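> everything below, folded, please.
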Amino acid sequence: MKISAINVVLLCVLVAAAVVTGVTGNWFEMTLLLLAAVFIFASAVYARGQKASDVLRLNAIEYRDERDRLLAKSGFAVVGIVALILAIAEFILAAVFQELLALASAQVLVLSAVWGVANSVAAKRG
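Predicted structure coming up:
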């Protein structure tokens, strides 16, 4: 029943966040976080099985071999581009409506920095 390290981290973060939201009395949010943790755990366990398709393994972040890892890199590249575009759109909306501007700015800066580092590492390896 071993799952990937990434999924273990995701589960720990979700459960910790659920505990914090529960302690603060936010029961609805706590329930959502726990449901997300259960879904991620169930998906990861199922993806480890022999009947799991390539797409299921990739979506569950449970790679079986190097081919899965290479496919995941392409998928994450697209997600990264879309995340950066959405973060910039969020930044623009935050600036226009003057709400959560610092958070939107930080998100754009972090995503841009990660993108630059990831591209540098990929170029050096390639």
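> and residue 116, its phi and psi?
When quoted as degrees, to the nearest 10, the phi and psi of residue 116 stand at phi -60, psi -40.
> now the strands: where do they sit in this protein?
With strands called from DSSP state E, the chain shows none.
> show me what the longest helix seen in the chain is packed against.
With secondary structure taken from DSSP state H, the chain has its longest helix at helix 66-97. Counting by 3 or more C-beta pairs under 8 Å, 6 or more residues apart in numbering; DSSP states H and E, the packing neighbours recorded for helix 66-97 are helix 54-59, helix 101-125. No exception for glycine: its C-beta is placed from N, CA and C like everyone else's.
> deepest of the ones you listed, which one?
The highest average neighbour count among these, using mean count of other C-beta atoms under 10 Å, belongs to helix 54-59 at a mean of 16.
> check which helices and strands that one sits against.
Using 3+ C-beta pairs under 8 Å, 6+ apart: helix 54-59 touches helix 27-47, helix 66-97.
> most tightly packed of these?
Ranked by mean neighbour count, the helices and strands packed on helix 54-59 are led by helix 27-47 with a mean of 16 (mean count of other C-beta under 10 Å).
> off-centre distance for that one?
14 Å (C-alpha atoms, centre = their mean, to the nearest Å).
> that helix - what's its average pLDDT?
Per-residue pLDDT values across helix 27-47 average out to 96.
> just checking, what packs against it?
helix 5-23, helix 54-59.
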